[in-house]
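Q: model the following, please.
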Amino acid sequence: MSAGLVYHIEGETAYALRLRHWRDSRAQKVRESAGIVMAEDLKGAALLFDLDGTLVDTVDDLAAAMNHALSEAGLATVPTAEVRHLVGHGARRMLMRGYMVSAGREAEGAELDLAMTRFLDHYQANIAVHSRPFDYAIEMIEGFLARGARAAICTNKREQMARLLIETLGISPLFDAIVGADTTEAAKPDPAPVRLCLEKTDARRAVFVGDSDTDIRAAKAADLPCFVADFGYGPITLAAEAAGRFSHYREASRMIDSALRT
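A: Numbers count the residues shown, from 1 in each chain. Model (predicted):
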């Protein structure tokens, strides 16, 4: 039974207990595999992650869902390379922009509602056909958890879809919280989702890891340092306002470690 399924059946308290047991046992395994005893020097620290383009490479599955909706409407599909730059503001905005690329206009009203239904139905049924965590991301998170830190996801994806994705990928036990675009009253770049993640992880200090100006703005509004992945979906025109920029999670690990120990 997945951790996410336990959450829905047994309630948050039982889920939290199972999560703590999994995290503690996994942390011990990380310590043992490293052959060292690691101090829990990062208790009270948290790592907050954007999802699409930051933690998981989801563009192929998102493109397939969007192109399914466009095809059903009798429109031309959009190349995956172009879809990369449409991700980051939620499915509805992405689909509206997809219509603009495909048909030279935005979908509105009932047409957009129907396209959204087609998009979401296809995406939910095919959410992780090609989607995978970026190289070394999971190993890095496990390393920080082994030192007492906690992790959360702060995304502009709908919470239900975000949960389904990480449960399908088998990584849900890593995260104390999953906050989506519809979890709070406002989505990123509003700081409300970031602050909710901090509350749910009991963080006294934290970093935000993202891949776009939206993430940089949200982190800045919540007074957190933001580290941006330059392999993500962007745009990152505000990179100068970030605490750092990385091309691989091995680089990110060093940056984050330094920031959390400061």
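
Q: phi and psi next, for the residue of the chain positioned farthest from its centre.
A: In the chain, the greatest distance from the average C-alpha position (Cα atoms, centre = their mean) is reached by Gly74, at 31.7 Å. Note on Gly74: backbone dihedrals following degrees, to the nearest 10 are phi 80, psi 20.

Q: tell me the contacts of it?
A: Shown here is Gly74, which makes no contacts under the criterion Cβ atoms under 8 Å, 6 or more residues apart in numbering. C-betas here are computed from N, CA, C, even on glycine.

Q: recalculate using a threshold of 10 Å.
A: With contacts defined as Cβ atoms under 10 Å, 6 or more residues apart in numbering, the neighbours of Gly74 are Ala103.

Q: okay, helices next: where are they in the stretch 51-200 of the chain?
A: Per DSSP state H, counting those that start in this stretch, the stretch 51-200 of the chain has helices spanning 59-72, 80-83, 91-103, 109-125, 137-145, 159-168, 192-201. These are given in chain order.

Q: mind listing what's buried along the last one?
A: By neighbour count, and taking 16 or more other Cβ atoms under 10 Å as the criterion, the buried residues in helix 192-201 are 192-198, 200-201.

Q: just to revisit the earlier point, for Gly104, see how far away the residue farthest from the centre of the chain is.
A: Using Cβ to Cβ, to the nearest Å, one gets 14 Å for the distance from Gly74 to Gly104.

Q: for the record, mean pLDDT for the one helix or strand Ala46 maps to?
A: Secondary structure from DSSP states H and E places Ala46 in strand 45-49. Model confidence over strand 45-49, given as mean pLDDT, is 98.

Q: what does stretch 148-162 give?
A: Stretch 148-162 shows a mean pLDDT of 97.

Q: break the protein into its domains for me.
A: Structural domains of the chain, as assigned by automatic domain parsing, span the residue ranges 3-57+131-261, 59-125.

Q: most neighbours per residue, which of those?
A: Neighbour counts averaged per stretch over these are highest for domain 3-57+131-261, at a mean of 19; criterion: mean count of other Cβ atoms under 10 Å.

Q: now it, how far from the centre of its chain.
A: A distance of 7 Å separates the C-alpha centroid of domain 3-57+131-261 from that of its chain, computed with Cα atoms, centre = their mean, to the nearest Å.

Q: then stretch 73-91?
A: From the chain centre to the centre of stretch 73-91 is a distance of 19 Å (Cα atoms, centre = their mean).

Q: just to revisit the earlier point, the domains of the chain: lowest mean pLDDT?
A: The minimum mean pLDDT among the domains of the chain belongs to domain 3-57+131-261 (a mean of 87).

Q: for the residue sitting nearest the centre point of the chain, which non-adjacent residue is spatially closest?
A: Residue closest to the mean C-alpha point of the chain, counted by Cα atoms, centre = their mean, is Leu51 at 1.6 Å. Counting by Cβ to Cβ, 6 or more residues apart in numbering, Leu51 lies nearest to Thr155, which is 3.8 Å off, once chain neighbours are set aside.

Q: check contacts around the one you found.
A: By Cβ under 10 Å, 6+ apart, the contact set of Thr155 is 49-52, 54-56, 88, 90, 161-162, 165-166, 178-181, 183, 187-188, 193, 210, 215.

Q: if I look at it, how far off is Ser71?
A: Counting by Cβ to Cβ, the separation of Thr155 from Ser71 is 26 Å.

Q: same question for Leu86.
A: Distance of Leu86 to Ser71, given as Cβ to Cβ: 16 Å.

Q: ditto for Gly180
A: Per Cβ to Cβ, Gly180 is found 27 Å from Ser71.

Q: could I get the CA-only coordinates of stretch 212-219 as PDB?
A: Coordinates of each C-alpha in stretch 212-219 appear next as PDB, following Å, rounded to 0.1, in the frame of the first residue of the first chain:
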ATOM      1  CA  SER A 212      11.700  29.700 -13.100                       C
ATOM      2  CA  ASP A 213      11.100  33.300 -12.400                       C
ATOM      3  CA  THR A 214       7.900  32.300 -10.700                       C
ATOM      4  CA  ASP A 215       9.900  30.200  -8.100                       C
ATOM      5  CA  ILE A 216      12.400  33.000  -7.600                       C
ATOM      6  CA  ARG A 217       9.600  35.500  -6.900                       C
ATOM      7  CA  ALA A 218       7.800  33.200  -4.600                       C
ATOM      8  CA  ALA A 219      10.900  32.300  -2.600                       C
END
